[in-house]
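Sequence first, then the predicted structure, then my questions.
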Amino acid sequence: MQIVIIGGGPAGRTSAIELAKLGENVTLIEAKHVGGTCLNEGCMMINGLSEIARFIEDSENYNKLGILNIKYNFEYEPIAAGIKKTLNIFRSINENEILENNVNLIYGEATIVDDKVKINDEIIEYDKLLISTGAKPKYPPIKGIHSALTYKDILSMKKLPEKLIIIGSGIMATEFSWIFSSMGSEVKMLCRSNFLNILNKKHSNYIKNHLLKKVEIIENVNINEIHENKITTNKGEFEGVILLATGTKPNSEIIEGIVELGDNGEILVNNHMQTSKKNIYAAGDVIGGIGGTPIARMEGIVAGHNMIGIEEEVDYDYIHKTISLNYDVSFFDSDFDCDGEDDFSISVPNSAGTGSFWRVIAGETGFTDLNVNLYSGKINGLISVGPSARYVFSYLSMFLRLNHDIYDYDKFIEAHPSTDTVYRLMRLLK
């Protein structure tokens with residue numbers, strides 16, 4: 001069977017390697033760089049910037065406490081250059097892994113013509129096709145919007161903006177707001193509605209007041225027009241470098257008119273990752289789902305298996321999200337209302353541990369909130385703000401996806417001190 005995969009991000013790359021290991025003939029086509037948005041312009045770039053921002057905030061805290069006297073010279077361009085150098089290493093590792101698994105890797109812009117793929121003047125026939133072309137910045141219908149920077153431009157900046165206006169209210173906007181305000185930019189965050197409305201007001205307010213202290217957050221903003229370094233709104237006029245962080249739009253143009261698309265251009269798929277055309281599948285950001293590298297990998301594996309007759313369905317239960325700030329903010333859903341008579345909510349401050357010890361004096365160790373049905377033991381909502389939240393939630397996700405409930409925590413041995421709070425919170429329910 002000849003399988004062609006278009007897009008070398010997490011979904012396409014993972015699927016290609018899995019299928020090649022199973023003995024299939026796989027061709028992977030990538031337009032520019034393997035690794036997708038996450039590696040080249042997204043979460044890995046955020047990781048690099050976040051580590052610098054965290055160092056700066058920690059240094060300020062140590063200086064304030066009088067336990068260290070840290071002085072440093074800050075320049076943005078060497079940081080961006082260092083991140084680019086590191087990303088090149090990651091790309092090489094990814095490319096070598098693809099080639100070592102006997103995947104035919106081709107670079108270039110692909111098109112689909114008459115049920116065949118055209119790439120670099122070569123025609124490739126396929127039995128099964130996987131579209132994993134990712135997404136691109138989403139531009140709201142605002143006059144002058146294309147003069148704004150996006151996440152694609154972050155590493156091209158020559159210096160740190162003195163003033164930065166971020167348009168957006170979600171995870172991406174929040175992370176950039178924290179990073180650049182920590183580095184020294186005067187940051188204003190313009191939210192069309194409420195700040196971080198994927199969370200309830202209590203939790204978004206905590207983030208606003210404790211983790212984004214240097215950011216001016218302005219809600220319910222209607223933007224009239226964007227000029228170069230100037231923006232006019234119903235809340236007044238703002239000046240500074242303008243960064244657009246309003247989400248993404250699927251890169252589905254390659255398959256338009258061939259399979260069914262949704263209102264935002266996302267490729268519509270079933271639980272097998274199959275499109276409206278039986279021999280064409282799609283996975284990753286191009287289907288406009290939950291998003292994120294781990295989800296894309298899972299979707300790529302499911303798509304690959306189904307393409308070769310191994311029936312499997314994608315499972316989105318208990319998928320957690322994380323916002324990368326000075327502390328991680330990780331959460332399952334955001335339902336903390338006690339709607340049923342057996343629903344119960346509890347909140348505890350996080351214990352001092354790795355990454356939070358020197359925040360105890362200021363009372364800034366974060367928190368964990370849980371909403372649970374005491375009858376069934378099933379979790380309705382869970383959020384934790386702390387330095388190890390993303391790692392704790394990864395294991396919690398697996399635990400819950402295996403149909404365990406809170407009463408199974410009797411056998412849980414915590415990794416002191418990183419998971420103390422989750423263990424203590426569950427024990428409080430006994």
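Yes, it's here.

Tell me which stretches of the stretch 151-300 of the chain form helices.
171-183, 201-206, 293-307 (DSSP state H, counting those that start in this stretch).

Now these in JSON lines, please, with extra columns for mean pLDDT, distance to residue 215 and mean neighbour count.
Any C-beta I mention is one placed from the backbone N, CA and C, and that applies to glycine too. Below are these laid out as JSON lines (pLDDT from 0 to 100; distance: least, Cβ to Cβ, whole Å; neighbours: other Cβ atoms under 10 Å):
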{"stretch": "helix 171-183", "mean pLDDT": "97", "distance to residue 215": "5", "mean neighbour count": "24"}
{"stretch": "helix 201-206", "mean pLDDT": "93", "distance to residue 215": "13", "mean neighbour count": "16"}
{"stretch": "helix 293-307", "mean pLDDT": "96", "distance to residue 215": "26", "mean neighbour count": "24"}
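
Please identify which of those helices is closest to residue 386.
helix 201-206 (11.9 Å; Cβ to Cβ).

that older thread, could you save the helices of the stretch 151-300 of the chain as TSV and add columns showing distance to residue 143?
Below are the helices of the stretch 151-300 of the chain laid out as TSV (distance: least, Cβ to Cβ, whole Å):
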stretch	distance to residue 143
helix 171-183	20
helix 201-206	29
helix 293-307	34
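
now for these, which one comes closest to residue 261?
helix 293-307 (16.9 Å).

now what about the following helix or strand past that closest one, what contacts it?
Helices and strands here follow DSSP states H and E; after helix 293-307, the next one along the chain is strand 321-324. For strand 321-324, contacts defined as Cβ atoms under 8 Å, 6 or more residues apart in numbering pick out 43, 46-47, 50, 171, 174-175, 196, 198, 207, 290, 292, 328-331, 389-390, 393.

can you tell me which residues contact residue 245?
Applying Cβ under 8 Å, 6+ apart, the residues near residue 245 are 150, 151, 166, 167, 168, 170, 172, 173, 176.

And the residues you listed, which is closest to residue 26?
For the contacts of residue 245, the closest approach to residue 26 (Cβ to Cβ) belongs to residue 151, at 29.8 Å.

That closest one contacts residue 41, doesn't it?
Yes - with contact defined as Cβ atoms under 8 Å, residue 151 reaches residue 41; the gap is 5.5 Å.

Neighbours of the residue lying closest to residue 186 once chain neighbours are set aside, how many?
Nearest non-adjacent residue to residue 186, counting by Cβ to Cβ, 6 or more residues apart in numbering: residue 163, 4.8 Å away. Neighbour count for residue 163, taken as other Cβ atoms under 10 Å: 14.

what does residue 74 give?
Per other Cβ under 10 Å, the neighbour tally for residue 74 reads 11.

tell me which element it is part of?
With DSSP H and E as the test, residue 74 turns up in no helix or strand.

That one is in contact with residue 184, isn't it?
Yes - counting by Cβ under 8 Å, residue 74 touches residue 184, with 6.7 Å between them.

Now for those two: what residues contact both?
Contacts common to residue 74 and residue 184, judged by Cβ under 8 Å, 6+ apart, are 56, 160.

quick one on the thing from earlier: can you tell me which of the contacts of strand 321-324 are classed as buried?
43, 46, 50, 171, 174-175, 196, 207, 292, 328-331, 389-390, 393 (16 or more other Cβ atoms under 10 Å).

how about the strands of the stretch 1-150 of the chain, start to end?
2-6, 25-30, 104-107, 110-113, 116-119, 122-125, 128-131, 135-137 (DSSP state E, counting those that start in this stretch).

would you turn the ones you listed into a markdown table with mean neighbour count, mean pLDDT and distance to residue 397?
Output for these, formatted as a markdown table (neighbours: other Cβ atoms under 10 Å; pLDDT from 0 to 100; distance: least, Cβ to Cβ, whole Å):
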| stretch | mean neighbour count | mean pLDDT | distance to residue 397 |
| --- | --- | --- | --- |
| strand 2-6 | 24 | 98 | 27 |
| strand 25-30 | 23 | 98 | 28 |
| strand 104-107 | 16 | 97 | 32 |
| strand 110-113 | 14 | 94 | 34 |
| strand 116-119 | 17 | 95 | 36 |
| strand 122-125 | 11 | 94 | 38 |
| strand 128-131 | 27 | 98 | 25 |
| strand 135-137 | 21 | 95 | 23 |
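
Now distance to residue 217 too, for those strands, in JSON lines please.
Shown next, in JSON lines, are these (distance: least, Cβ to Cβ, whole Å):
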{"stretch": "strand 2-6", "distance to residue 217": "39"}
{"stretch": "strand 25-30", "distance to residue 217": "38"}
{"stretch": "strand 104-107", "distance to residue 217": "42"}
{"stretch": "strand 110-113", "distance to residue 217": "42"}
{"stretch": "strand 116-119", "distance to residue 217": "46"}
{"stretch": "strand 122-125", "distance to residue 217": "49"}
{"stretch": "strand 128-131", "distance to residue 217": "37"}
{"stretch": "strand 135-137", "distance to residue 217": "21"}
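
Quick one: closest of these to residue 227.
Of all the strands of the stretch 1-150 of the chain, strand 135-137 comes closest under Cβ to Cβ, at 19.0 Å.
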